[in-house]
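A.B. asks: mind looking at a prediction? Sequence and model below.
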Amino acid sequence: MDAIRTPDELLEGLPDFPFTPHYREVDGLRLAHIDEGDGPPVVMWHGEPTWSFLWRKVLPPVRDAGYRVICPDLVGFGRSDKPTDRDWYTYDRHCAMAATLLEDLDIRGATFVVHDWGGPIGLRLATEQPDRVERLVLMDTGVSTGDRAMGDEWQRFRAFVDRIEDVPMSPILQGGTETELSPEVLAGYEKPFPNAASKAGMRAFPGLIPQTPDAPGADVGRRVLGALREDPRPKLVLWGRQDFVLPPEIGTAFAAAIGAEAPTVLDPAGHFLQEDKGPEIGALIADWLAA
C-alpha cells in the first residue's frame, strides 16, 4: 500500500496550535492524535477536509475545565498517513482504524464530540462500544441511511471533488465559515496535503455516503440511528445558523430522531462552526459537562 506522510516541518508553527502530536502505528500506517490535559476523556472527531487543527479554539476551555482532550487525525488527514488509493478508504475501514485509538489508549467514560464525517464514525463507535462512551456532543453532522437524498450543495461538492484531483482546501473552508480566515489559518488546512495524491482520502469521503437504502453503509446507518433513538446517554447538539450544506432544520430533525433536545444554534456560524465560535463552543461543552 502506497501512503504519503506529510513532513513534520510543514505543520510546525501553525497559529494557535502549540499542541504536541502523539503517534501510533496501525497496520503499517502512522496515525496521529493530540492528547492534552488530565481528567475524564473528551474525544473530538473531525470530518472532511479538516484535521485536529479544527479543534484548536475548542480544546483549551474544555482542557482548562479539568478534562483530558484527545483529538485524533483520521487516516488520510492531518499528520496521519495518507493512502493514495481512493478504493482503500471505506466506511468500515475508517471505523476500524478509529476504534484502535480507544483500545490503544484504553479510553473509558468518554465524551465524544463529533463533527461532519466524525459523526458517522464516532457515533458508530459509541453505539458499538457503549462501555467506553458516556456522553455525546454532536455538531453539524448526521447518520446516513440512504433514505433521504443529500441536498444540492452537497451534490455539487461531490461532483467537484470527483472532477478535480488536486482539490483546493481554502475555498472549501472559507465557503463553510462566516469568519474571514487569515492566510495562516487557511494554510493550516492546506499544508497537510503536500500534493494531489495525498488528497485521496478527502476525495473518497463523499462517495461513502449512501444515496439509496441498499447502498453500502446504509444498513449500518439504520442500525446506528436505531440505537441512538433508544440511547439514554446525555446528548448535546450544537449547530451553525449559516450552514448551507447541513442547514439548522436538518439539525432539528436529527436531534428529534435520536431523542436529543433541539440544537443550540450558533449565529453567525457556518458548517465549520469551530472557526466561527470556537471558544464559545468549548465553554458550552465544559459547562454542559459540569452540569
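C.D. replies: Alright, I've got the coordinates. These numbers were taken from a predicted model, which means no experiment stands behind them. Residues are numbered from 1 along each chain as shown.

A.B. asks: phi, psi for G122 please.
C.D. replies: Per-residue torsions, G122: phi -70, psi -40 (degrees, to the nearest 10).

A.B. asks: measure it to H46 for me?
C.D. replies: When CB to CB, to the nearest Å is the yardstick, G122 and H46 sit 10 Å from each other. C-beta here means a position set from N, CA and C on the backbone, and glycine is covered the same way.

A.B. asks: F17 too?
C.D. replies: 13 Å.

A.B. asks: so the two - more neighbours on which side?
C.D. replies: Ranked by neighbour count (other CB atoms under 10 Å), F17 and H46 place H46 first, with 27 against 17.

A.B. asks: identify the residues contacting the spatially most central residue of the chain.
C.D. replies: For the chain, the residue nearest the mean C-alpha position is H46 (2.1 Å; CA atoms, centre = their mean). Contacts for H46 (CB atoms under 8 Å, 6 or more residues apart in numbering) come out as 52, 54-55, 71-74, 77-78, 115-118.

A.B. asks: looking at those residues, spot the one nearest S198.
C.D. replies: F77 (9.6 Å; CB to CB).

A.B. asks: which SSE is that closest one in?
C.D. replies: Assessed by DSSP states H and E, F77 sits outside every helix and strand.

A.B. asks: could you measure from it over to I281?
C.D. replies: Relative to I281, and taking CB to CB, F77 is found at 20 Å.

A.B. asks: looking at the two, which one has more neighbours?
C.D. replies: Neighbour count, other CB under 10 Å: between F77 and I281, F77 has more, with 29 against 25.

A.B. asks: would you map the helices across the stretch 51-200 of the chain?
C.D. replies: With DSSP state H, counting those that start in this stretch as the criterion, the stretch 51-200 of the chain has helices at 59-64, 91-104, 118-128, 152-163, 169-175, 183-190, 200-204.

A.B. asks: among the ones you listed, which is nearest D243?
C.D. replies: For D243, the closest of these is helix 152-163, at 9.7 Å, according to CB to CB.

A.B. asks: show me what counts as buried in the closest one.
C.D. replies: 153, 157-158, 161 (16 or more other CB atoms under 10 Å).

A.B. asks: then that helix to CSV, C-alphas only?
C.D. replies: Extracted in CSV, the C-alpha atoms of helix 152-163 (Å, rounded to 0.1, in the frame of the first residue of the first chain):
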residue,chain,number,x,y,z
ASP,A,152,-28.0,20.3,-4.0
GLU,A,153,-25.0,21.9,-2.3
TRP,A,154,-23.6,18.5,-1.3
GLN,A,155,-24.2,17.1,-4.7
ARG,A,156,-22.2,19.9,-6.2
PHE,A,157,-19.4,19.3,-3.7
ARG,A,158,-19.3,15.6,-4.6
ALA,A,159,-19.1,16.4,-8.3
PHE,A,160,-16.4,19.0,-7.6
VAL,A,161,-14.1,16.5,-5.7
ASP,A,162,-14.7,13.8,-8.3
ARG,A,163,-13.7,16.2,-11.1
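
A.B. asks: determine the number of other residues adjacent to the closest residue to P213 other than its chain neighbours.
C.D. replies: Residue nearest to P213 in three dimensions, not counting chain neighbours: G146, with 4.4 Å by CB to CB, 6 or more residues apart in numbering. Neighbourhood size, G146 [other CB under 10 Å]: 19.
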